[in-house]
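# Provide a 3D model corresponding to the input given below.
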Amino acid sequence: MQAKLDTAYQEKAHDKGEIADLQAKLDIANQEKAQSTGDIADLQTQLDAANQEKAALQAKLEAAKQAQAGGTAELVDLQAQLMAAEQAKESRAAELTSLQAQLDEAGQQQELA
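Sure, this is the predicted structure:
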């Protein structure tokens, strides 16, 4: 009977050892899970930051495109102003030539008179 009792105590002690081993493994698994959860959270934070940076760069790109379009429109407007100024210059030169011719003709008539 004592032998059976000793065997039962040994089995109980063995079971307690196995339970302690399993508890240690469970604790390690929970730590690894917690670490993985932390890693996932860190990666999500990095992804969010990258998405924000992408959005900021996209906004800068759009602003640059608009500035370029505005610059192009301004350039076209300035070219139109330049062409108008050239035409006005040519028109005034023609007027000046006409006035000079009239002045020359008046001077010739005055000499004849």
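# Please state the offset of stretch 9-17 from the chain centre?
65 Å (CA atoms, centre = their mean, to the nearest Å).
# could you give the mean pLDDT of that stretch?
Averaging pLDDT along stretch 9-17 gives 82.
# Take that stretch, keep the C-alpha atoms, and write them as PDB.
Output of stretch 9-17 as PDB, limited to C-alpha atoms (Å, rounded to 0.1, in the frame of the first residue of the first chain):
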ATOM      1  CA  TYR A   9       2.900  11.000  -4.800                       C
ATOM      2  CA  GLN A  10       5.500  10.600  -7.500                       C
ATOM      3  CA  GLU A  11       2.900  10.800 -10.200                       C
ATOM      4  CA  LYS A  12       1.300  13.800  -8.500                       C
ATOM      5  CA  ALA A  13       4.700  15.500  -8.300                       C
ATOM      6  CA  HIS A  14       5.400  14.600 -11.900                       C
ATOM      7  CA  ASP A  15       2.000  16.000 -13.000                       C
ATOM      8  CA  LYS A  16       2.800  19.200 -11.000                       C
ATOM      9  CA  GLY A  17       6.100  19.400 -12.900                       C
END
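# residues making contact with that stretch?
The contact list for stretch 9-17, computed with CB atoms under 8 Å, 6 or more residues apart in numbering, is empty. The C-beta positions use only the backbone N, C-alpha and C, and glycine is treated the same way.
# what comes up buried for it?
Counting neighbours by 16 or more other CB atoms under 10 Å, one finds that stretch 9-17 has no buried residues.
# Which stretches in the protein count as helices?
Listed in chain order, the helices of the chain (DSSP state H) span 2-112.
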